[in-house]
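Novice: This is a predicted model, with the sequence first.
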Amino acid sequence: MKMVLVVSALMIAASSVSGASDGIKNGVHGYTPKRYVAPKEAAVIERLEWFKDQKLALMMHFGIYSTLGLKESWPLSDADSKWSRSEVDWTKDSDEFKRQYMNLIKAFNPVRFDPVKWAKAAKEDGFRYVIFTTKHHDGFCLYDSKYSTFKVTAPECPFSSDKRADIVKGVFDAFRAEGLGIAAYFSKPDWHNEDYWENFGVGRTVDRRPTYDVRKNPQKWARFREYTKNQIVELVRDYGKIDVIWLDGGQVKRSAGLDIDIEDIIAEARKYNPALISADRTAGGACENVITPEQSIPKEPIAVPWESCITIGRWWGYHFEDEYKPVRKIVHMLIDVVAKGGNLALNVGPQPDGRLPHQALKRMAALGVWLKGNGEAIYETRPLPPFRKGDWAFTRNRKTGAECAIRLWKEGENKVLRQTIPLAGNTAVRSVKHLASGMSVPFTASAEGITLALPEKFPFDENADVFVLQP
């Protein structure tokens, strides 16, 4: 009898960020698994199984905000200025700042942009797909959109004369060449579009919603809806195979009174890719195929496809004085997410010159080293009860059948030779193998669980060790 229990025992976490009717607080989106609607399209259902196998994404926030190392887009919103403009210390004039921010298009010039290096580093370090910002809330497109003049290929942007100017094309092509999946981050709100924010928000107090009542001016809102549809379809049609359309800006949804008929948009996009996964964040319904906890990990496993997006430092976009998470914390985040059935989207913001920060690269490389020895416990796995228990996590590889107990080490703990896997009363385990080294580990079963007797020269990993429990 194997130790695996019926996975239908998964508890569905019902957490959500409170404090805002649109599910956004201080720019952070909540998540709502209780409103999940399973897709009906066979191609999408099949692709979601692929998605659940991937486990690790490289998320990248890049835009004109990177030039000054500012909080991305949000400082433009007067209603959000208290928490988002802390770094804007040179002016108190909101309109002056908005004009300055929009004029950053004239300074965006990432001359050391090399997407091939990005993709090779991601591949080497164990990432399976990229989530790249094609357009953030400020409306600046990192691709040659036919429907906007506020883009990297516009003549007023110095990078427009570079042969690599269509940054999205370069990124998507480079990552596909490494066999990695593609998720296109796209902001539904567009604060540069006159049919969302009139005069780019200058001369008025703006929040994350449109500057007019869409009920009183349905024609204006219809133009914005068509603009949004055209840009989303453009990405899916003209930029190669996209696996996920990752839709940010949770205020733009039917339940918040800002209906863009997302079902029609996704249906049109799926004419070009029938298996396209739609992540319409916090909207619920048929187009939120993946739910996306932000800067958090659910307390319990979630029985629907999900992905936690978490920054490698403190910020989404590049900041000159960012503080990066320790490698151990990053490894533990990944294990915690995977044990609960999700993917981790680890965000790294490129520098203004187009390179990835060396501190981020060091941490990505260290994560990759850990994954090379322990990937069987991460990739292509599904949750295994009891999921998480103390400093132990549990996964099951759906292809190999390996049932893994993962010990998450705190500082100095990885020298203790006697370790007990908390599986009280289990008598099904016949042998235990250390995954990274292949070493067989002596053990005894007791009322406490499965107690390992690690040898004196056991090759401890400083972050976490995986033990395969064989029946």
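Specialist: Great, that's in hand.

Novice: where do the helices sit along the stretch 1-150 of the chain?
Specialist: Remark: helices assigned in the stretch 1-150 of the chain by DSSP state H, counting those that start in this stretch are 42-54, 81-84, 94-102, 115-124.

Novice: Can I get stretch 379-396 as PDB, trimmed to CA atoms?
Specialist: In PDB, the C-alpha atoms belonging to stretch 379-396 read as follows (Å, rounded to 0.1, in the frame of the first residue of the first chain):
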ATOM      1  CA  TYR A 379       8.800  19.300 -12.500                       C
ATOM      2  CA  GLU A 380       5.800  17.300 -13.700                       C
ATOM      3  CA  THR A 381       4.700  16.700 -10.100                       C
ATOM      4  CA  ARG A 382       1.300  16.900  -8.400                       C
ATOM      5  CA  PRO A 383       0.500  17.400  -4.700                       C
ATOM      6  CA  LEU A 384       1.000  14.500  -2.400                       C
ATOM      7  CA  PRO A 385      -0.700  14.500   1.000                       C
ATOM      8  CA  PRO A 386       0.100  15.700   3.600                       C
ATOM      9  CA  PHE A 387       1.500  18.400   1.200                       C
ATOM     10  CA  ARG A 388       3.300  20.400   3.800                       C
ATOM     11  CA  LYS A 389       4.100  19.500   7.400                       C
ATOM     12  CA  GLY A 390       6.500  21.500   9.400                       C
ATOM     13  CA  ASP A 391       9.800  21.700   7.500                       C
ATOM     14  CA  TRP A 392       8.800  18.900   5.200                       C
ATOM     15  CA  ALA A 393       7.100  19.100   1.800                       C
ATOM     16  CA  PHE A 394       5.700  16.200  -0.300                       C
ATOM     17  CA  THR A 395       5.300  15.800  -4.100                       C
ATOM     18  CA  ARG A 396       4.600  13.000  -6.500                       C
END
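
Novice: Any regions of the protein where pLDDT drops low?
Specialist: Scanning the chain for pLDDT under 70 picks out 1-30, 32-33, 424-427.

Novice: Domains of it: list them as residue ranges, please.
Specialist: Taking automatic domain parsing as the criterion, the chain consists of the domains 14-380, 382-470.

Novice: re earlier: for the helices of the stretch 1-150 of the chain, give me a markdown table that also has mean neighbour count and distance to residue 360.
Specialist: For the C-beta atoms, the positions are set from N, CA and C on the backbone; glycine is no exception. Formatted as a markdown table, the helices of the stretch 1-150 of the chain follow (neighbours: other CB atoms under 10 Å; distance: least, CB to CB, whole Å):
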| stretch | mean neighbour count | distance to residue 360 |
| --- | --- | --- |
| helix 42-54 | 17 | 20 |
| helix 81-84 | 14 | 22 |
| helix 94-102 | 18 | 25 |
| helix 115-124 | 19 | 10 |
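
Novice: Go through those helices and name the closest to residue 441.
Specialist: In this view, the helices of the stretch 1-150 of the chain are compared for proximity to residue 441 by CB to CB, and helix 42-54 is the closest at 27.7 Å.

Novice: Show residues contacting that closest one.
Specialist: Helix 42-54 is contacted by residues 38-39, 128-129, 181, 243-244, 270, 274-277, 289-290, 305, 341, 343, 379-380, 382, 398 when judged by CB atoms under 8 Å, 6 or more residues apart in numbering.

Novice: List the backbone torsions phi and psi for the spatially closest residue to residue 342 that is not a sequence neighbour.
Specialist: Nearest residue to residue 342 in three dimensions, chain neighbours excluded: residue 306, at 4.4 Å (CB to CB, 6 or more residues apart in numbering). Main-chain torsions, residue 306, degrees, to the nearest 10: phi -150, psi 160.

Novice: Could you look up the SS state of residue 279?
Specialist: strand (DSSP: H, G, I helix; E, B strand; the rest coil).

Novice: Surely it is in contact with residue 304?
Specialist: No: counting by CB atoms under 8 Å, residue 279 sits too far from residue 304 to count as a contact (11.8 Å).

Novice: And those two? Which one has more around it.
Specialist: The neighbour count for residue 279 versus residue 304, taken as other CB atoms under 10 Å, is higher for residue 279 (24 against 20).

Novice: Quickly list what the more buried one is bridged to.
Specialist: Beta bridges link residue 279 to residue 246, residue 288 when assigned by DSSP bridges.

Novice: Look up how far residue 211 lies from it.
Specialist: For residue 279, the distance to residue 211 (CB to CB, to the nearest Å) stands at 27 Å.

Novice: burial of residue 418, as a residue count?
Specialist: Around residue 418 there are 8 other residues, counting by other CB under 10 Å.

Novice: Now the phi/psi pair for it, please.
Specialist: phi -100, psi 120.

Novice: Residue 404 versus that one, what's the distance?
Specialist: Separation of residue 418 from residue 404 (CB to CB): 20 Å.

Novice: How about the contacts made by residue 341?
Specialist: 10, 52, 301, 302, 303, 306, 382, 383.

Novice: Now distance to residue 105 too, for the residues you listed, in CSV please.
Specialist: Below are these laid out as CSV (distance: CB to CB, whole Å):
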residue, distance to residue 105
10, 47
52, 39
301, 44
302, 39
303, 44
306, 35
382, 45
383, 45
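
Novice: which one of these is nearest residue 156?
Specialist: residue 306 (40.1 Å).

Novice: excluding its backbone neighbours, what's nearest residue 189?
Specialist: residue 249 is the one closest to residue 189 (CB to CB, 6+ apart), at 4.1 Å.

Novice: Spell out the residue ranges of the strands in the stretch 251-400 of the chain.
Specialist: Using DSSP state E, counting those that start in this stretch, the strands of the stretch 251-400 of the chain run over residues 277-280, 307-311, 343-347, 381-389, 392-397.

Novice: need the contact list for residue 73.
Specialist: Shown in contact with residue 73 (CB under 8 Å, 6+ apart): 63, 65, 136, 137, 138, 187, 191.

Novice: And the last one, how close does it get to residue 314?
Specialist: For residue 191, the distance to residue 314 (CB to CB) stands at 23 Å.

Novice: and the residue nearest to residue 316 when sequence neighbours are not counted, how many neighbours?
Specialist: The shortest distance from residue 316 to any non-neighbouring residue, by CB to CB, 6+ apart, is to residue 61 (4.1 Å). Per other CB under 10 Å, the neighbour tally for residue 61 reads 22.

Novice: isn't residue 61 right up against residue 319?
Specialist: No: the criterion here is CB under 8 Å, and residue 61 misses it with residue 319 at 10.7 Å.

Novice: And what about residue 231, helix, strand or coil?
Specialist: Classified using three-state DSSP, residue 231 is helix.
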